[in-house]
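# Any chance you could fold what I've pasted below:
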Amino acid sequence: MQLVGLTKVFGTGAGKVDALRGVSFDIAEGEFVAIMGPSGSGKSTCMNIVGCLDAPSGGHYRFRGVEVGSLSQDQCALLRRHYMGFIFQGYNLLARTSAVENVELPLIYRNVGAADRRALAMKALEDVGLKGWEHHSPNQLSGGQQQRVATARAIVTEPQLLLADEPTGNLDTARSEEIMELLTGLNRTKGITVVMVTHEPDMAAYARRIIQFKDGQIETDAPVERVHQ
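Coordinates of the predicted model:
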């Protein structure tokens, strides 16, 4: 992906907020990038634009060479559906459905048949270490296990880009490390490009590169010295 001179303005007049002020960076296929910055720095706004959940006010965002700003809402939805997976801090699991049924959801939107859908969801849960937990509901799972279900749901469609927004924000240190090892493994073994927003330096150290935001601009963009292998 390529972001060039990206701007985002919220509000007008006295209430105007320049959330992004000329942000430019590239992310190559197969990278693992952490985006950091204090509250209000623009990191989440940038993530929403990258995930086609919001549109910039100016500048250019290209995904695999395609100018995303030229796409219709339906085309953006197809881009998300076929190329991206999302992991959120709050898990966003359906409470009254099993783990495997939660993981099947993206495949329903792709009109995958029931038998194939179940097989793919079971495999995704096995890939995140939840073999044997497929039929448990979210309230029967720990926070770390719920985030693993959310990760399985994000990867079941084999996305090229995985967007993780504070994926360890609700977890203790041990569970956070488990999730980061999982994301690192998916990046390394499956070649999935990972872009993660986090405010935790220890978690950002799992990435290969850290982009630091401040006041709607990029303050630093540097590789990470290998802390975690």
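
# Going by C-alpha atoms from here, please, whenever you check contacts or count neighbours.
Will do.

# What residues of the longest helix seen in the chain count as buried?
If you go by DSSP state H, the chain has its longest helix at helix 173-190. Using 16 or more other C-alpha atoms under 10 Å as the burial criterion, the residues of helix 173-190 that qualify are 175-184, 186-187.

# Same question for stretch 8-20.
Buried residues in stretch 8-20 (16+ other C-alpha under 10 Å): 8, 18-20.

# Closest to R118 out of the buried residues of helix 173-190?
Ranked by distance to R118 (C-alpha to C-alpha), the buried residues of helix 173-190 are led by L186 at 20.8 Å.

# ok, now which ones touch the closest residue to that closest one other than its chain neighbours?
If the residues on either side of it in the chain are set aside, L186 comes closest to I192, at 6.3 Å by C-alpha to C-alpha, 6 or more residues apart in numbering. By C-alpha atoms under 8 Å, 6 or more residues apart in numbering, the contact set of I192 is 29-31, 159-162, 186.

# Let's see that with 6 Å instead.
Shown in contact with I192 (C-alpha atoms under 6 Å, 6 or more residues apart in numbering): 30, 160-161.

# With G37 instead?
Listed by C-alpha under 6 Å, 6+ apart, the contact set of G37 reads 212-214.

# I'd like those as a markdown table, with distance to S57, secondary structure and pLDDT appended.
As requested, the contacts of G37 are exported to a markdown table (distance: C-alpha to C-alpha, whole Å; DSSP: H, G, I helix; E, B strand; the rest coil; pLDDT from 0 to 100):
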| residue | distance to S57 | secondary structure | pLDDT |
| --- | --- | --- | --- |
| Q212 | 21 | strand | 97 |
| F213 | 18 | strand | 97 |
| K214 | 19 | strand | 96 |
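
# Determine which two of the buried residues of helix 173-190 are furthest apart.
Among those, R175 and N187 lie farthest apart (C-alpha to C-alpha), at 18.6 Å.

# Where strands are concerned, which of the buried residues of stretch 8-20 count?
Residues of the buried residues of stretch 8-20 located in strands (DSSP state E): 8, 18-20.

# Alright, I will stop here.
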